[in-house]
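> this one's structure only:
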Ligand code: URA
């Protein structure tokens, strides 16, 4: 009976009280509230919106459904970095070692791929021997000794989010700033870092396709993080085309290593040093974000970031020889090239379509728990602004199933848009909120 009243309250645009939100979250987590009522409630929240106070309450109540990590025995200001999800986004594997080489302790829990977005933990698993789960004491010891540890998120962190996210995913209620904020920030706040850097993606491969919507999301997340006592900053960054050239798992780790060798693509290099610089600033290892970026660049070009990556891989049981010998990664049996039919310039590469195409190569999963092909993925030979001639290779798809690659090729080709003249260059880092 009580749940009906709460649904009606939000349906009629009224403000929810803490007791209403607690009733829903606790009841749904325990299994006492059925999916049909939870769906109606989430849709009412989606349509009517939640204000900052309601969003803050929702976030804290969701956080408190699970365990809170205690990282207090790690010395220094721990800065977590989180991306709202994109295609080709391997920045954690680069910013983590760079920030750690600048003295910022990196104690990170990351996610797995779902739908068209990739996940750091899957990428890490393409490194032979690499462990993605550690006992809490080993995780803390590794951060204290090596400066960096990255593991998969444990199920006891904000369990309410897992249940609610699964329902949002199938009820058209994902892309709402308050619901995304509560989902992400409930987990981030439970993870025990001192400060949070958010990379809020904006464009065809992001939840927020429109710049203003991405800024609203970033502002909401910054507000909630600060209100919960964690210094929070958000960068709003472009996700209209994939980041870098590689999309997949082993293929993205290789690109991350190339960046740390100072030989990676410009966009992912620029974003990685900017984010590492912000982490250094927030962790009080640089006097300003600009100075932090310069220091991060130094660590990139003097090889200290790569050395930190090597220590990180070794500490988690991975084979560090992959850094010199890429043949040690899982190898794909098949590959297909996608050729250009025209002369002209690339004016767009839909990030969502390439993400979808990558999933079809076997590199991603449609449903949780699905096994993925760590060797599979897409290499984009051309990016937005590049000139192409008829017959040039636009992309190479790789994987172990020829059938899957053929399906993927059709989707990937549709992602490329061409015109007769070079497009204006889009800004990669569009704004920084909360500094
Ligand atoms: N990532 C999450 O964890 N939750 C959302 O709602 C969106 C992205």
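It's in. Keep in mind the model is a prediction, meaning the values are calculated, not measured.
> Sketch out the low-pLDDT regions of the stretch 201-350 of the chain for me.
Residue ranges of the stretch 201-350 of the chain with pLDDT under 70: none are present.
> Smallest gap between the stretch 301-435 of the chain and the ligand, at which residue?
Among all residues of the stretch 301-435 of the chain, residue 368 sits closest to the ligand, at 12.8 Å; criterion: C-beta to the nearest ligand atom. C-beta here means a position set from N, CA and C on the backbone, and glycine is covered the same way.
> Apologies, that question was intended for the stretch 151-300 of the chain.
residue 183 (3.4 Å).
> coming back round to it: just say helix, strand or coil for the residue of the stretch 301-435 of the chain closest to the ligand.
Here residue 368 is recorded as coil under DSSP: H, G, I helix; E, B strand; the rest coil.
> ok now the helix or strand where the residue of the stretch 151-300 of the chain closest to the ligand lies, how far from the chain's centre?
Assessed by DSSP states H and E, residue 183 sits inside helix 177-190. Put simply, helix 177-190 sits 14 Å off its chain's centre (C-alpha atoms, centre = their mean, to the nearest Å).
> ok, now stretch 66-81?
The answer for stretch 66-81 is 19 Å, by C-alpha atoms, centre = their mean.
> Sort out which residues of it are buried, please.
Within stretch 66-81, the residues that qualify as buried by neighbour count (16 or more other C-beta atoms under 10 Å) are 66, 67, 69, 71, 74, 76, 77, 78, 79, 80, 81.
> Would you agree the second one falls within a helix?
No. Secondary structure assignment (three-state DSSP) places residue 67 in coil, not in a helix.
> any idea how far it is from the ligand?
Residue 67 sits 17 Å away from the ligand, going by C-beta to the nearest ligand atom, to the nearest Å.
> So what's the residue count around residue 166?
12 (other C-beta atoms under 10 Å).
> What secondary structure category should be reported for it?
Under three-state DSSP, residue 166 falls in the helix class.
> The ligand contacts on the stretch 101-250 of the chain?
165, 174, 180, 183, 184, 207 (C-beta under 6 Å from any ligand atom).
> Name the member of those residues with the most neighbours.
Most crowded among those, counting by other C-beta under 10 Å, is residue 184 at 25 neighbours.
> follow-up on the earlier one: among the buried residues of stretch 66-81, which one has the lowest pLDDT?
Lowest pLDDT within those is found at residue 69 (90).
> mind checking the SS state of the closest residue to that residue other than its chain neighbours?
Excluding the flanking residues, the one nearest residue 69 by C-beta to C-beta, 6 or more residues apart in numbering is residue 192, at 3.9 Å. For residue 192, the secondary structure call by three-state DSSP comes out as coil.
> Use 127 as the first number from now on
In the new count, where the first residue is 127, that last one comes out as residue 318.
> can you pull the contacts of residue 318?
194, 195, 196, 197, 198, 204, 233 (C-beta atoms under 8 Å, 6 or more residues apart in numbering).
> could I get the residues you listed as CSV with secondary structure?
As requested, the contacts of residue 318 are exported to CSV (three-state DSSP):
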residue, secondary structure
194, coil
195, coil
196, coil
197, coil
198, coil
204, coil
233, strand
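> For residue 356, state which of those is nearest.
residue 204 (10.1 Å; C-beta to C-beta).
> Kindly list the main-chain dihedrals of the closest one?
phi -90, psi 120 (degrees, to the nearest 10).
> And it, how far from residue 365?
Distance of residue 204 to residue 365, given as C-beta to C-beta, to the nearest Å: 26 Å.
> What is the neighbour count of the closest residue to residue 225 other than its chain neighbours?
Take residue 225 and drop its neighbours on the chain: the residue closest to it by C-beta to C-beta, 6+ apart is residue 405, 4.1 Å away. Residue 405 is flanked by 29 other residues according to other C-beta under 10 Å.
> how much space between residue 405 and residue 196?
The value you get for residue 405 to residue 196, if C-beta to C-beta is used, is 21 Å.
> what's the answer for residue 532, then?
Taken as C-beta to C-beta, the span from residue 532 to residue 196 is 50 Å.
> Whatever helix or strand residue 359 lives in: how far from the chain's middle?
Using DSSP H and E, residue 359 sits within strand 357-364. Mean-position distance between strand 357-364 and its chain equals 12 Å (C-alpha atoms, centre = their mean).
> Stretch 237-255 too?
For stretch 237-255, the distance to the chain centre is 10 Å (C-alpha atoms, centre = their mean).
> coming back round to it: among the buried residues of stretch 192-207, find me the one that's closest to residue 223.
residue 207 (12.0 Å).
> how close does the residue of the stretch 277-426 of the chain closest to the ligand sit to residue 300?
Computed as C-beta to C-beta, the residue 309 to residue 300 distance reads 9 Å.
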